[in-house]
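**Q** what's the 3D shape of this:
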Amino acid sequence: MKKILLLTLFSFGSVFAQNNPNPGYWQQHVDYKMDVSMDVKTYQYKGKQTLVYTNNSPDTLHRVYYHLFNNAFQPNSCMDARLKSIKDPDGRMVTKVKVGDKEVKESRIAALKPNEIGFLKISNLKQDGIELKNKVVSTILEVDLAKPLLPHTSTTFSLDFDGQVPVQIRRSGRNNKEGVELSMSQWYPKMAEYDYEGWQADPYIAREFHGVWGNFDVNITIDKNYILGGSGYLQNGNQIGYNYQDAGVTVTLPKKQKTLTWHFIAPNVHDFTWAADKNYIHDKLVTNFGTTLHFLYKNNPKIIENWKNLQPKTAQLMEIYNKTVGKYPYEQYSVIQGGDGGMEYAMCTLILGEGTFDGLLGVTAHEMAHSWFQHVLASNESKNSWMDEGFTTWLENYGMNEISDKKEENPHAGSYAGYASLVKSGKEQPQTTHSDRYDENRSYSIDAYSKGNIFLSQLEYLIGKENFMKTLKRYFADYKFTHPTPNDIKHTAEKVSGANLDWYLNDWTKTTNTIDYGIKSVEGAGENTKITLERIGRIPMPLDILVTYEDGSQESFYIPQTLMRWTKENQNPAIKRTVLEGWDWAYPTFEFKINAKSPVKNITIDPSGLMADVNKENNIFIKK
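**A** Model (predicted):
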């Protein structure tokens, strides 16, 4: 029954994936069939690929482009050049050496030997049986079509490929520092995305990527002693074993048999990743919400207890993510020790497996959250990395806080601190900056993770918690299995709340303008107490003001932002709230009077701490 369900989903994936409410929306579709054989002695592999490519666009295509990610791991590649030129190269990708009195960071890629580099070589490339002219430029294969691909038609590409797995430098690779033999991410010739903005064929420099929605049918032949995990559903578990077989089935392999062929089907995804090692332990956890969790980790006595303890926590987090955003739509998810740090892929993640339990849980919480924000809501993470990393960080923080014994009032406080430090440094760049072209890695990281996270947490400040949580659910329901844009999350929040939010999206993501409000003065007493506020930063915001009196009583005041054309509901009904006239952004100051029956003890702008004011010191008035 399960196989019938999978085949049905596989067949109709291209239709199902077009569920997007934007008028005229379209997206391309791919159907991959790949057969690959891995030589575990040389770490080289050979493959055949057949790709049915469907042009759902209104345009006639004369060229296509493939990503050849492995080629980045060669001396003098774009990735190598970037490591040598950027001020703060990724520490995992460089070696620190002493040159005289100075410490120099040298690219690890530059030192790779011919048998250690990565490569992906293409041959026998054809379109519907006709050989094609093509040229390799860095990590991109440029292909001239033999015949134009008309709108709403399909064509079939076939090719052979030879690859070599590089010594592990970043994400993909072999024999990483924890001893994992094969981390096979971004390993195959992958069709570049063509969308409403044109071809997205960026060279690979170890940042983010963008993929075409489709289906994968993959056969991997490898030494029988290796255990695999990754994207998709294993179709022949009863022939493979290694705890993939059905309950009660015993798998015995003939002694003379040297290899196994693992058959995976991955429906309605935009990537396919796998990892392999001879010494993996493979545990399964069947959840009460319909998803089977797989855990693959090295048989290392020092880490086994942490990995066992990780399993119920992972299920707990996934259930929270399901309730918060929407149901994880696949039947399996795999947490795999491999790669470096952590990276999200379709139906799986590759993470480092050693270290503390808190670290292991934290990286799993983050990478699994990407299954919603990138692997179901597939924004272009090269152009809008903040929608990918930032929204994932929000969900990670929320989930970790929910399972914590000690709840934090603002689980996103670290993101606010990071963002404030970047602003203070003067090195912030607009979030519209392509993720490859930030001046420094630190600027990219804070912009994508911290400021992107704040976009959501501050949205909660703007429209209220109830509207915000409804926005997340509707965003997921409306845009899953498509490529949402920044305007889509903004417009979803507008439809849910009724507020106008275009100004917010524009100022927060397209500029480096900041929020800075202050209490300029408090004058008078009793009925004539006058409070004067000032807007110092360029970004206008609605304001929540909390006044505490010496007798212990409190009252709040809400100042609408006129650009919103909307008033937020009282978020704390236990405290009396007065809605004042709106504050138009053109006016630098705002005055209002209160009837202070008891002397004012203190006044606070934004007691929730969810507004990213870059100078909190002038947000509080304390009576001397």
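**Q** so, low pLDDT: which residues of the chain?
**A** 1-18 (pLDDT under 70).
**Q** 50 instead, please
**A** 1-17 (pLDDT under 50).
**Q** residue closest to the middle of it?
**A** residue 388 (3.6 Å; Cα atoms, centre = their mean).
**Q** and that one, what does it touch?
**A** Taking Cβ atoms under 8 Å, 6 or more residues apart in numbering, we find residue 388 in contact with 208, 370, 373, 374, 379, 381, 448, 452. No exception for glycine: its C-beta is placed from N, CA and C like everyone else's.
**Q** neighbours around the fourth one, how many?
**A** Spelled out, that is residue 374. 25 (other Cβ atoms under 10 Å).
**Q** again with the fifth one
**A** By other Cβ under 10 Å, 24 other residues sit near residue 379.
**Q** hmm, it is touching residue 372, no?
**A** No: taking contacts as Cβ atoms under 8 Å, residue 379 lies outside contact range of residue 372: 11.3 Å.
**Q** which residues in the chain form helices?
**A** 2-16, 78-85, 237-240, 304-324, 357-369, 385, 391-403, 413-425, 441-445, 452-463, 465-479, 486-497, 502-510 (DSSP state H).
**Q** could I get those as JSON lines with mean neighbour count?
**A** Below are those laid out as JSON lines (neighbours: other Cβ atoms under 10 Å):
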{"stretch": "helix 2-16", "mean neighbour count": "14"}
{"stretch": "helix 78-85", "mean neighbour count": "19"}
{"stretch": "helix 237-240", "mean neighbour count": "16"}
{"stretch": "helix 304-324", "mean neighbour count": "17"}
{"stretch": "helix 357-369", "mean neighbour count": "20"}
{"stretch": "helix 385", "mean neighbour count": "25"}
{"stretch": "helix 391-403", "mean neighbour count": "22"}
{"stretch": "helix 413-425", "mean neighbour count": "17"}
{"stretch": "helix 441-445", "mean neighbour count": "18"}
{"stretch": "helix 452-463", "mean neighbour count": "24"}
{"stretch": "helix 465-479", "mean neighbour count": "18"}
{"stretch": "helix 486-497", "mean neighbour count": "20"}
{"stretch": "helix 502-510", "mean neighbour count": "18"}
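**Q** nearest to residue 38, out of the ones you listed?
**A** helix 237-240 (15.0 Å; Cβ to Cβ).
**Q** how far is the closest one from where the chain is centred?
**A** 33 Å (Cα atoms, centre = their mean, to the nearest Å).
**Q** next one: stretch 106-116
**A** Worked out by Cα atoms, centre = their mean, stretch 106-116 lies 29 Å from the chain centre.
**Q** and stretch 223-241, by the same measure?
**A** 27 Å.
**Q** buried sites along it?
**A** 224, 226-235, 237, 239-241 (16 or more other Cβ atoms under 10 Å).
**Q** one step back: would CSV of the helices of the chain with distance to residue 534 be doable?
**A** What follows is the helices of the chain, written out as CSV (distance: least, Cβ to Cβ, whole Å):
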stretch, distance to residue 534
helix 2-16, 53
helix 78-85, 43
helix 237-240, 66
helix 304-324, 37
helix 357-369, 38
helix 385, 34
helix 391-403, 30
helix 413-425, 19
helix 441-445, 29
helix 452-463, 20
helix 465-479, 28
helix 486-497, 28
helix 502-510, 18
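**Q** do you know which of the ones you listed lies nearest residue 560?
**A** Of these, nearest to residue 560 by Cβ to Cβ is helix 452-463, at 10.8 Å.
**Q** what helices or strands is the closest one leaning on?
**A** helix 391-403, helix 413-425, helix 465-479, helix 486-497, helix 502-510 (3 or more Cβ pairs under 8 Å, 6 or more residues apart in numbering; DSSP states H and E).
**Q** so that helix versus helix 486-497, what angle?
**A** Helix 452-463 and helix 486-497 are oriented at 30 degrees to each other (axes from the mean of the first three to the mean of the last three Cα atoms, to 10 degrees).
**Q** tilt between helix 452-463 and helix 465-479?
**A** Going by the same axes, to 10 degrees, helix 452-463 makes 120 degrees with helix 465-479.
**Q** start at 364 instead
**A** Done: numbering now begins at 364, and the last item shifts to helix 815-826.
**Q** please list the residues outside helix 815-826 that contact it.
**A** By Cβ under 8 Å, 6+ apart, the list of residues contacting helix 815-826 reads 748-754, 756-757, 760, 773, 775, 778-779, 782, 794, 831, 834-835, 856, 859-860, 862, 864, 867, 871-872, 904-905, 907, 927, 931, 969, 971, 973-975.
**Q** chain center to it, what's the gap?
**A** 17 Å.
**Q** likewise for stretch 542-562?
**A** 15 Å.
**Q** buried set for that stretch?
**A** For stretch 542-562, burial by neighbour count (16+ other Cβ under 10 Å) applies to 543-558.
**Q** looking at those, which one is closest to residue 483?
**A** For the buried residues of stretch 542-562, the residue nearest residue 483 by Cβ to Cβ is residue 552; the value is 6.4 Å.
**Q** burial check on the closest residue to the closest one other than its chain neighbours, number of neighbours?
**A** Nearest non-adjacent residue to residue 552, counting by Cβ to Cβ, 6 or more residues apart in numbering: residue 429, 4.7 Å away. Burial of residue 429, expressed as a neighbour count using other Cβ under 10 Å, amounts to 26.
**Q** repeat that for the one 10 residues further on.
**A** A total of 11 residues lie near residue 439 under the criterion other Cβ under 10 Å.
**Q** tell me which residues touch the closest residue to it other than its chain neighbours, please.
**A** Closest residue in space to residue 439, ignoring its immediate chain neighbours: residue 473 at 7.7 Å, by Cβ to Cβ, 6+ apart. Taking Cβ under 8 Å, 6+ apart, we find residue 473 in contact with 438, 439, 443, 446, 447.
**Q** wait, doesn't the last one sit right on residue 467?
**A** No: if you go by Cβ under 8 Å, residue 447 and residue 467 don't touch, sitting 10.7 Å apart.
**Q** if we can go back for a sec, need the helices and strands packed on helix 815-826 in CSV with distance to residue 627, can you?
**A** Shown next, in CSV, are the helices and strands packed on helix 815-826 (distance: least, Cβ to Cβ, whole Å):
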stretch, distance to residue 627
helix 754-766, 25
helix 776-788, 36
helix 828-842, 26
helix 849-860, 31
helix 865-873, 37
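**Q** relative to residue 463, which of those is closest?
**A** Nearest to residue 463, of the helices and strands packed on helix 815-826 and by Cβ to Cβ, is helix 776-788 at 29.0 Å.
**Q** so how far is that closest one off the chain centroid?
**A** For helix 776-788, the distance to the chain centre is 20 Å (Cα atoms, centre = their mean).
**Q** which neighbouring elements make contact with it?
**A** By 3+ Cβ pairs under 8 Å, 6+ apart, helix 776-788 packs against helix 754-766, helix 815-826.
**Q** ok, 10 Å please
**A** helix 754-766, helix 804-808, helix 815-826 (3 or more Cβ pairs under 10 Å, 6 or more residues apart in numbering; DSSP states H and E).
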